[in-house]
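Chemist: task: produce atomic coordinates for the following.
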Amino acid sequence: MALTWDLNKVFQSMEKSGIERPESLLIHNGELNPMSMGVVMATAAVGINKLTDKNFKEFHQRLKKLEIVGSTLLRKEEDDEGEGIQRNPTLPEIKAHIGLKTNAPTMDKKKFNASLMQVIDNRVQELIKIELDELKEMENSNADTE
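Modeler: Below is the predicted model:
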C-alpha cells in the first residue's frame, strides 16, 4: 500500500497563525520538502497517522526511541567536520505539522514497543554479524602468518 497524505489542515493552521503562503514552506519545486516528507514517513514508523495537539509529544517520543536505536528519516548533508548527520524531525518541526493525516497503519503503545524491540533485535544481529566477520578475518590473517 502506498503511503498517502493530506496537508490541508496544516496549510490552514499555518495561515491562521499568520504565515503567508504556507504552501511555499511545505512544497518546493512541486515536491514535498524533505522535512515535511520526513514527518509524513514518520507516521508509518511510529504508528500515529493523525498529528494532533494531543498526540504530537507522543509522536516525538516514539521518534526519539527510534533515533536512539539508529533509525532516522532525515539526512543533513554535512556538519562542520564534513560528516553526514542523520536525525529525525524535532518537536517544533513535528508541531508545525499538526493536522497532517496519512493512511499509515496505527500502533498502540504496546504494538509500537514490540516493533521497537524488533528493530533493536535486527540491529543487534547486524552488529554481531560484523563482529563475527571481523573475527573470521583476524583468524584467517593469523593462520596465514603461521
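Chemist: where does the protein have low pLDDT?
Modeler: For the chain, residues meeting the criterion pLDDT under 70 lie at 76-85, 146.
Chemist: could you count how many residues lie near Thr90?
Modeler: The tally of other residues near Thr90 (other C-beta atoms under 10 Å) stands at 14. (C-beta placed from N, C-alpha, C; glycine too.)
Chemist: equivalent analysis for Asn88, please.
Modeler: So Asn88, with other C-beta under 10 Å, has 23 neighbours.
Chemist: give me the nearest residue to it, chain neighbours excluded.
Modeler: Spatial nearest neighbour of Asn88, chain neighbours left out: Leu63 (4.4 Å); criterion: C-beta to C-beta, 6 or more residues apart in numbering.
Chemist: other residues contacting the helix or strand hosting that neighbour?
Modeler: Leu63 is part of helix 56-68, with elements assigned from DSSP states H and E. With contacts defined as C-beta atoms under 8 Å, 6 or more residues apart in numbering, helix 56-68 is touched by 42, 45-48, 51, 72, 87-91, 94-95, 98, 112, 116, 119.
Chemist: among the residues you listed, which lie within helices?
Modeler: Counting by DSSP state H, the contacts of helix 56-68 place 42, 45-46, 91, 94-95, 112, 116, 119 in helices.
Chemist: mind giving me the PyMOL select for those, buried ones only?
Modeler: Here is the PyMOL command that picks out the buried ones among the ones in helices among the contacts of helix 56-68, judged by 16 or more other C-beta atoms under 10 Å:
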select buried, resi 42+45+46+94+112+116
